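A.B. asks: Everything below, folded, please.
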Amino acid sequence: MQNQPTFVLVHGAFANSFSFAPLQAELALLGHRSVALDLPGHGFEATFPAAYQAPQDLDALAAAPGSIKGVMLADNVARVTEVLERAKRNGPTVLVAHSRGGCTATAVANARPELIDRIVYVSAWCPVDLDVAGYYAEPEMADVDPGGFAAALVGNPAELGLLRTNFRTADPATLDAFKQAFAADLTDDEFRTFLNTFQPDENLDAGTPDDRAQAATWGRIPRTYVRLAADASLPPAVQDRMIREADALTPDNSFDVRTLEGSHLRWLVHPGAAAEVLAGLAGN
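C.D. replies: Residues are numbered from 1 along each chain as shown. Okay, here's the model as predicted:
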């Protein structure tokens, strides 16, 4: 097993290791080991205030403290680094990031490239020329309307020290906005099931310009970008832009690009094709 890689799976915003369970099952059945980690303040470290339960008390929810307050990108990097150090004892590692998890993966690769044998972004942020906030102001993100989720935001992020979203809302318009952005090709039951794996809180630090991909470190790691062709929250145009920028940064080490059909979340609910792609990278 020493030559078999360990896939280290990094989740996105408001998510946790639980969302990777179907993918891990597929990888195991293909003969591959994996570990899905929880970033600080996620999984069983998350805060689910009593006011978030039913019946909800939105006023109390807006003021309830959350454990993720004060968590920074550097804390995420430390968590992933610790897992990679342990996994590396058993052979090669493949770091796989989804969505906002790409910010963490990029920062880890900047700091400790020797721990990573391949880095894989699945419709994940790979900031190169801009930081994440900068990309949101670009034409490629013009069709993404964060205002559609505004009704689900709870409390003042500056006062709470975190971003809180009410994923248990019953508002039809807000639920439809979530579904269209993240899971338009899932059934309503699949969508609601996934929504119930989300936690209400996320940290505020998605990185700075200093956390963009660095050619000397991140740029020497073999890399794959798995495009999600029907992703409405991180549109293919943005995915393609980051791929182009990364390839321009290190033209001698360009992205190996794959494409999967589906929305931002479909590959996690129906992971067969994604598992095949990852399994195919195991010997590369």
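A.B. asks: What residues of the longest helix seen in the chain count as buried?
C.D. replies: Using DSSP state H, we find that the single longest helix of the chain is helix 73-88. Neighbour-count burial for helix 73-88, with 16 or more other C-beta atoms under 10 Å as criterion, is recorded at 73, 75, 76, 77, 79, 80, 81, 83, 84, 87, 88. For glycine as for every other residue, the C-beta is placed from the backbone atoms N, C-alpha and C.
A.B. asks: Output those residues in JSON lines; the columns should cover pLDDT and distance to residue 48.
C.D. replies: Conversion of the buried residues of helix 73-88 to JSON lines gives the following (pLDDT from 0 to 100; distance: C-beta to C-beta, whole Å):
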{"residue": "73", "pLDDT": "97", "distance to residue 48": "23"}
{"residue": "75", "pLDDT": "98", "distance to residue 48": "20"}
{"residue": "76", "pLDDT": "98", "distance to residue 48": "20"}
{"residue": "77", "pLDDT": "98", "distance to residue 48": "25"}
{"residue": "79", "pLDDT": "98", "distance to residue 48": "20"}
{"residue": "80", "pLDDT": "98", "distance to residue 48": "24"}
{"residue": "81", "pLDDT": "98", "distance to residue 48": "27"}
{"residue": "83", "pLDDT": "98", "distance to residue 48": "24"}
{"residue": "84", "pLDDT": "98", "distance to residue 48": "29"}
{"residue": "87", "pLDDT": "97", "distance to residue 48": "29"}
{"residue": "88", "pLDDT": "97", "distance to residue 48": "34"}
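A.B. asks: circling back to that earlier point, restricting to C-alpha, output the longest helix of the chain in CSV.
C.D. replies: Provided in CSV are the C-alpha atoms of helix 73-88 (Å, rounded to 0.1, in the frame of the first residue of the first chain):
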residue,chain,number,x,y,z
LEU,A,73,-7.3,30.8,6.9
ALA,A,74,-4.0,30.1,8.8
ASP,A,75,-5.9,27.8,11.1
ASN,A,76,-7.3,25.9,8.2
VAL,A,77,-3.8,25.6,6.8
ALA,A,78,-2.5,24.2,10.0
ARG,A,79,-5.3,21.6,10.2
VAL,A,80,-4.8,20.4,6.6
THR,A,81,-1.0,20.4,7.1
GLU,A,82,-1.3,18.2,10.1
VAL,A,83,-3.4,15.6,8.2
LEU,A,84,-1.0,15.7,5.2
GLU,A,85,2.0,15.1,7.5
ARG,A,86,0.3,12.0,8.9
ALA,A,87,-0.9,10.7,5.6
LYS,A,88,2.5,11.2,4.0
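A.B. asks: What is the neighbour count of residue 236?
C.D. replies: Residues contacting residue 236 under the criterion other C-beta atoms under 10 Å number 16.
A.B. asks: was I right about it contacting residue 229?
C.D. replies: Yes: Residue 236 is within contact range of residue 229, at 6.0 Å (criterion: C-beta atoms under 8 Å).
A.B. asks: Run through the residues that contact the spatially closest residue to residue 127 that is not a sequence neighbour.
C.D. replies: With C-beta to C-beta, 6 or more residues apart in numbering as the criterion, residue 127 has its nearest non-adjacent residue at 4.6 Å, and that residue is residue 212. With contact taken as C-beta atoms under 8 Å, 6 or more residues apart in numbering, residue 212 is in contact with 106, 127, 128, 129, 130, 131.
A.B. asks: Looking at these, spot the one nearest residue 221.
C.D. replies: Nearest to residue 221 among the contacts of residue 212: residue 106, at 10.3 Å, using C-beta to C-beta.
A.B. asks: Alright, I will stop here.
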